[in-house]
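> Next one to model:
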Amino acid sequence: MNKNLDFGDCDKLLRLAGLRITPQRQAITRVMMESLDHPDAEQVLARARERDASISQATAYRTLAVLAEKGLILTHTFDGGVTRFELANRPHHDHIVDIDSGEITEFVSAEIERLQRRIAEEHGYDIVAHRLELYCRKRA
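Sure, this is the predicted structure:
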């Protein structure tokens with residue numbers, strides 16, 4: 001997925017996914033475009049229903065599945081939990097998962113990125129994609 005791709009608005013995102021534009025799908029994609037967290041499917045559905053109460057669970061799940069299949073949203077299953085979603089065009093970042101609260105914190109570290117590239121190069125590889133998830137507990 002091109003991280004520099006401008007999805008523009010929810011209609012453009014739906015067209016990129018090859019989906020028919022409906023008010024229900026617009027509400028779902030708008031929720032994804034406005035989310036600053038990593039909502040799961042039930043959270044996306046609840047937020048979308050605040051905009052349009054007629055949205056069915058099937059429509060929400062199918063829309064999310066197609067967006068993920070087309071590479072327009074990323075899926076994360078942190079520590080075997082529920083699948084969470086985020087737009088795929090956001091700048092690269094890694095995640096800290098608080099194992100007690102489930103809170104997810106995004107972070108960027110140039111030092112970690114350099115180290116990963118160096119390790120890959122030392123083993124004769126170029127990194128194509130990667131994810132880093134740190135599972136942590138807050139200090140007392």
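> Do a quick rundown of the helices in this structure.
10-17, 23-34, 41-51, 57-69, 110-122 (DSSP state H).
> now these in JSON lines, with distance to Val97 and mean pLDDT?
Heads up, the C-betas are built off the backbone N, CA and C, glycines and all. Output for the helices of the chain, formatted as JSON lines (distance: least, Cβ to Cβ, whole Å; pLDDT from 0 to 100):
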{"stretch": "helix 10-17", "distance to Val97": "27", "mean pLDDT": "86"}
{"stretch": "helix 23-34", "distance to Val97": "20", "mean pLDDT": "92"}
{"stretch": "helix 41-51", "distance to Val97": "16", "mean pLDDT": "95"}
{"stretch": "helix 57-69", "distance to Val97": "20", "mean pLDDT": "94"}
{"stretch": "helix 110-122", "distance to Val97": "16", "mean pLDDT": "95"}
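> Lys138 is nearest to which of the ones you listed?
helix 110-122 (20.6 Å; Cβ to Cβ).
> any idea which of the helices of the chain is most buried?
Ranked by mean neighbour count, the helices of the chain are led by helix 23-34 with a mean of 20 (mean count of other Cβ atoms under 10 Å).
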